[in-house]
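> with the sequence up front, the predicted model follows.
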Amino acid sequence: MSNLSLRERDATTIAQIGKLRFSPLSVVGGRGNRLIEEGGRSLLDLSGSAGPAILGYGHPAIVEAVAASIRDMAGASLLLYPNEPAVSLAERLLAITPGNGERRVWFGHSGSDANDCAVRVLQAATGRSRFISFIGSYHGNLSGSMGISGHTAMTHTLPRPGVLLLPYPDPFRPQFSAEAVLALLDYQFETTCPPHQVAAVFIEPLMSDGGLIVPPPGFLKALQERCRRHGIRIVVDEVKVGLARSGMMHCFQHEGLTPDLVVFGKGIGGGLPLSAVIGPKEIMDHAPAFALQTTAGNPVAASAGNAVLKTIDREGLVERSARVGTLFSEALRALAAKHEIIGDVRGRGLAIGVDLVKDRSTREPVPATTTAKIIYRGYELGAAFTYVGLKANVLEFMPPLTLIEDEVTEGAAIVDQAIADVTAGKVSDADVVSFMMW
Ligand SMILES: *Cc1c(COP(=O)(O)O)cnc(C)c1O
């Protein structure tokens, strides 16, 4: 077609508005836990392609399920006809997700549309139009899900009217303690945000894009209690950290939450576009033809979802994620002895963040260029990972849950070398100028 590289063709065709390019990596394939770069070099994937690659690339369970289902497609739309893969997937999700009473499942294509659906149906079914969410939270990029998000990437648009954004207490930088946030909520309820106007609170049980923040113990439970008292529904967004990633099947289980609605995305499709919302029948059955997307719940994506859930079970990925995640966290924590820049290593299971600081005593974040340089050098040394955080100072590790022990050693060694090289000034500002994304 042309002599240009994939990267060059990407630059002149794909819109910037849909890009988060943290390094020059352009991929032509993937195998296991590795991405194959244009030119043939293979890199260890510590990003999981931002979460969907929960089983890595080309996992036989997904390949076979998708191939079988596309050969004999039971229609292409769940709207008009039930199909076996979608109904089985709904049954499986209901079976593995704790909850009370009769519940129903809705399918979509992405975490964004799933949170969007939750917002719309909650408003319609409860007659309440306000929502509570957190500064730093990311619930998606469609108008409904964006309107209840509090990430800096959302400041391109205005929040939804009536949304109450609370600070998310961060144990590493305790600018707002759990008690202070709860007191602020009480004050809001007593004054400008009457609780009977609030339909639901949207919770990330581990704040991912906001900086891999594990909330202080008991905070979310106390929040849940306060909201329940006023009939405010609890929505847990498990899109990035759910389905075995945290070392439990659901991340909210670490917090002892009993959500009304649970939102799934990313990993559930194993790389195919798939998301789901589980919620009480009285909300999810609000009205027919209310949240329609023609190809949502299509049998091919649903088959991938079934393959993901079966593989989590068959390969013991909940336990593996807890065990390998602990090894990886320990390996990264050990690097802190050598590298002053590492302020904190935190997370759950295989959702791990490394918080980079200018100064360990003040915990002031490093500038974004420093983080970007470590990503860049990591890419040169053979590993793919990204960064998150409102100050762009947190390395994010979200590898496939199939990561093996040797790959933990390999990954930690690359991170070690990348930090050493960046600290020694081996990467320039010019190298990373086009990879500063948020
Ligand atoms: C990525 C993400 C979303 C949005 O999912 P998309 O598939 O990008 O639409 C929603 N919530 C959380 C917590 C996420 O990390």
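Looks like it arrived, so ask away. Numbers count the residues shown, from 1 in each chain.
> didn't V300 look like it was pressed against D72?
No - using CB atoms under 8 Å, V300 is not in contact with D72, being 10.4 Å away. The C-beta positions use only the backbone N, C-alpha and C, and glycine is treated the same way.
> which one of those two is surrounded by more residues?
Higher neighbour count among V300 and D72: V300, with 24 against 7, using other CB atoms under 10 Å.
> show me what the helix or strand encompassing that one is packed up against.
In the assignment (DSSP states H and E), V300 maps to helix 299-314. When contacts are defined as 3 or more CB pairs under 8 Å, 6 or more residues apart in numbering; DSSP states H and E, helix 299-314 sits against helix 60-71, helix 84-96.
> could I get these as TSV with mean neighbour count, distance to the ligand and mean pLDDT?
Converted to TSV, the helices and strands packed on helix 299-314 look like this (neighbours: other CB atoms under 10 Å; distance: least, CB to the nearest ligand atom, whole Å; pLDDT from 0 to 100):
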stretch	mean neighbour count	distance to the ligand	mean pLDDT
helix 60-71	16	17	98
helix 84-96	18	17	98
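> got the residues of the stretch 201-350 of the chain near the ligand?
Residues of the stretch 201-350 of the chain lying close to the ligand by CB under 6 Å from any ligand atom are 204, 208-209, 237, 239-240, 265-266.
> still on that earlier bit, give me the angle between the helix holding V300 and helix 60-71.
160 degrees (axes from the mean of the first three to the mean of the last three CA atoms, to 10 degrees).
> quick one on the thing from earlier: as CSV, the helices and strands packed on helix 299-314 with distance to V214 would be great.
Compiled in CSV, the helices and strands packed on helix 299-314 are given as follows (distance: least, CB to CB, whole Å):
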stretch, distance to V214
helix 60-71, 30
helix 84-96, 23
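> A180 is nearest to which of the ones you listed?
Nearest of those to A180, taken as CB to CB: helix 84-96 at 35.5 Å.
> so what touches the closest one?
Outside helix 84-96, the residues that touch it by CB atoms under 8 Å, 6 or more residues apart in numbering are 69, 74, 78, 103-105, 107, 249, 264, 276, 278, 297-300, 302-303, 305-306, 309.
> cool, and stretch 415-432?
Contact with stretch 415-432 is made by 332, 335, 338-339, 341-342, 354, 369-370, 372-378, 381, 383, 385, 395, as judged by CB under 8 Å, 6+ apart.
> out of these, which are inside strands?
In this view, the contacts of stretch 415-432 that belong to strands under DSSP state E are 342, 354, 383, 395.
> spit out the contact partners of the last one.
Looking back up the chat, that one is L395. L395 makes contact with 353-354, 356, 371, 374-375, 385-387, 415, according to CB under 8 Å, 6+ apart.
> so which of these are also by the ligand?
Within those, nothing lies near the ligand by CB under 6 Å from any ligand atom.
> neighbour count added to those, as CSV?
Listed next are these as CSV, based on neighbours: other CB atoms under 10 Å:
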residue, neighbour count
G353, 28
V354, 29
L356, 26
T371, 28
I374, 24
I375, 25
F385, 27
T386, 25
Y387, 26
V415, 26
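> one step back: which of the contacts of stretch 415-432 are buried?
The neighbour-count test (16 or more other CB atoms under 10 Å) marks 332, 335, 339, 341-342, 354, 369-370, 372-378, 381, 383, 385, 395 as buried among the contacts of stretch 415-432.
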